[in-house]
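# please work out how this folds:
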Amino acid sequence: MIKFEDVTKIYPPDTIGLESVSLHIEKGEFVFLVGASGSGKSTFIRLLIKELEPDRGRITVGGRDLSTLRRWKVPYLRRNIGCVFQDFKLLPNKSVFDNVLYALQVTGNAGGASRRKVTEILGLVGLGHKTANYPDELSGGEQQRVSIARAFVNHPPLLIADEPTGNLDPDTSAGIMQLLYRINKTGTTVVMATHDREMVDRMRRRVIALEQGQVIRDQKRGGYGED
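Sure, this is the predicted structure:
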């Protein structure tokens with residue numbers, strides 16, 4: 001699903017984003033990306049969605065070499081990547097239902113079948129009873145569930161979660177993680193950047209640790225701080 005081959009990204013004048021990173025993430029994997037602030041996690045994600053270009057190396061996502069992907073095709077790439085963020089990024093003037101439907105509308109899908117998909121996905125994330133509510137009427141955990149529903153409504157082969165539990169309490173975070181785990185079990189590859197040591201230790205999934213832009217550990221079923 002994802003291949004980084006000797007990827008380097010330097011921010012002017014000489015700040016290292018990533019340095020000589022090579023790794024493969026297979027289809028269907030659940031991978032934690034861990035490291036301190038400034039370790040390269042955000043750079044990794046921004047390169048994946050072609051928000052940044054590497055200075056050296058090759059990135060392949062879903063069989064597509066991003067270096068040869070023309071700019072007008074970038075939106076099509078992103079339609080196959082669901083993104084979940086710490087700050088939810090919900091539209092405040094739209095209901096829960098319409099926030100999720102919007103993800104289909106921007107791809108030209110807004111018919112009856114799309115509305116059924118929205119209903120189904122909101123049931124999956126446990127918000128079938130909140131479809132008419134607005135974001136400011138929801139708890140933080142509920143808002144994140146809407147964000148996940150919106151990212152997953154197109155059933156993308158790849159879901160990227162950037163600190164999705166960063167603003168949530170431990171119990172709510174556990175619920176979000178179980179939801180991401182269920183999505184992964186449907187076959188979607190999940191890459192999650194996080195600082196949550198306890199969550200990583202509990203889940204026992206593959207851990208890729210970054211430090212100063214380099215991969216310092218890649219462990220199949222590791223914990224946050226294991227060697």
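# isn't Met134 up against Lys94?
Met isn't right for residue 134; it's Tyr. Yes. Tyr134 is within contact range of Lys94, at 7.4 Å (criterion: C-beta atoms under 8 Å). Where C-beta positions appear, they are placed from N, C-alpha and C, glycine not excepted.
# domain-wise, how is this structure divided?
1-80+158-227, 91-155 (automatic domain parsing).
# would CSV of these with mean neighbour count and mean pLDDT be doable?
CSV is the format used below for the domains of the chain (neighbours: other C-beta atoms under 10 Å; pLDDT from 0 to 100):
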stretch, mean neighbour count, mean pLDDT
domain 1-80+158-227, 17, 90
domain 91-155, 17, 89
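# so in this protein, which helix runs the longest?
Secondary structure assigned by DSSP state H gives helix 170-185 as the longest helix of the chain.
# show me what that helix is in contact with.
Applying C-beta atoms under 8 Å, 6 or more residues apart in numbering, the contact partners of helix 170-185 are 28, 30, 124-126, 139-141, 144-145, 148, 152, 159, 161, 164-165, 168, 190, 192, 196, 198-199, 203.
# tell me the contacts of the residue nearest the centre of the chain?
For the chain, Ile160 is the residue whose C-alpha lies nearest the centre (C-alpha atoms, centre = their mean; 1.4 Å). Going by C-beta under 8 Å, 6+ apart, Ile160 touches Ile45, Leu48, Ile49, Ile81, Gly82, Cys83, Val84, Val191, Met192, Ala193.
# let's go with 7 Å and repeat that
Contacts here follow C-beta atoms under 7 Å, 6 or more residues apart in numbering; on that basis Ile160 touches Ile45, Leu48, Ile81, Cys83, Val191.
# ok, now Gly141?
So Gly141 contacts Leu168, Thr172, Gly175, Ile176 (C-beta under 7 Å, 6+ apart).
# which stretch of helix or strand covers it?
In the assignment (DSSP states H and E), Gly141 maps to helix 140-152.
# neighbouring strands - and their directions - for the helix or strand following that helix?
Sequence order places strand 158-162 as the next helix or strand after helix 140-152, per DSSP H and E. Strand 158-162 has the following sheet partners, assigned by DSSP bridges: strand 81-85 (parallel), strand 189-194 (parallel).
# distance to Arg64 for those - can I get that in a markdown table?
Converted to a markdown table, those look like this (distance: least, C-beta to C-beta, whole Å):
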| stretch | distance to Arg64 |
| --- | --- |
| strand 81-85 | 11 |
| strand 189-194 | 14 |
